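Undergrad: pasted the sequence and its predicted model underneath.
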Amino acid sequence: MTATKDVENTMPSYDPNNIFAKILRGELPAHKVHEDDKAFAFLDIMPRAPGHTLVIPKAPARTFLDIDPDDLAHLIKVTQMIARAAVKVFDADGLTIQQFNEAAGGQVVFHLHVHVMPRKNGVPLKPPASVKEDPTILSDQALRLAAALKGK
């Protein structure tokens, strides 16, 4: 048995009714920043920093361990693209990039996702899931990030 099969037999399976799957199907709204055939990026509605973006694969992957390597490579490329735009748009001094796997690893939504958080020197991150941002602010931030990605 391969190492991949061992992981598949011990980890919970993907739930197609998770909140990010619903966003991908258009059943729930999102402040979209980027979309292509394999990835989707949108703003976190409870951001830990201005511009906090989530980058997810369109493939039904629960964690880093069960995504196809080619889809993972694309996800990382999109994450880097979003991060570069976020640094410009939010005049960031740095970035926090986070990715969690399973509840024991801190994962809350069980669809693989990467957090991109632009950072300013001396400004701490807000606690996780602490403040729901005003939708008009999120809309403005998403439009600014999307425009930066298009080179406008």
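TA: Cool, the structure landed. Residues are numbered from 1 along each chain as shown.
Undergrad: going forward, measure contacts and count neighbours with C-alpha atoms only.
TA: Noted.
Undergrad: how close does residue 43 get to residue 95?
TA: 15 Å (C-alpha to C-alpha, to the nearest Å).
Undergrad: and what of residue 50?
TA: On the measure of C-alpha to C-alpha, residue 50 and residue 95 end up 11 Å apart.
Undergrad: and for residue 29?
TA: As judged by C-alpha to C-alpha, residue 29 and residue 95 stand 26 Å apart.
Undergrad: show the end-to-end separation of stretch 41-59, please.
TA: Start-to-end, stretch 41-59 (C-alpha to C-alpha) is 13 Å.
Undergrad: quick check: buried residues in that stretch?
TA: 41-59 (16 or more other C-alpha atoms under 10 Å).
Undergrad: so between residue 29 and residue 95, which is more surrounded?
TA: More crowded of residue 29 and residue 95, by other C-alpha atoms under 10 Å: residue 95, with 17 against 11.
Undergrad: elements contacting the helix or strand where residue 41 lies?
TA: Using DSSP states H and E, residue 41 sits in strand 39-43. The helices and strands touching strand 39-43, judged by 3 or more C-alpha pairs under 8 Å, 6 or more residues apart in numbering; DSSP states H and E, are strand 32-35, strand 53-57, helix 69-89, helix 135-149.
Undergrad: what's the weakest-modelled helix or strand in this protein?
TA: helix 3-10 (a mean of 53; mean pLDDT, DSSP states H and E).
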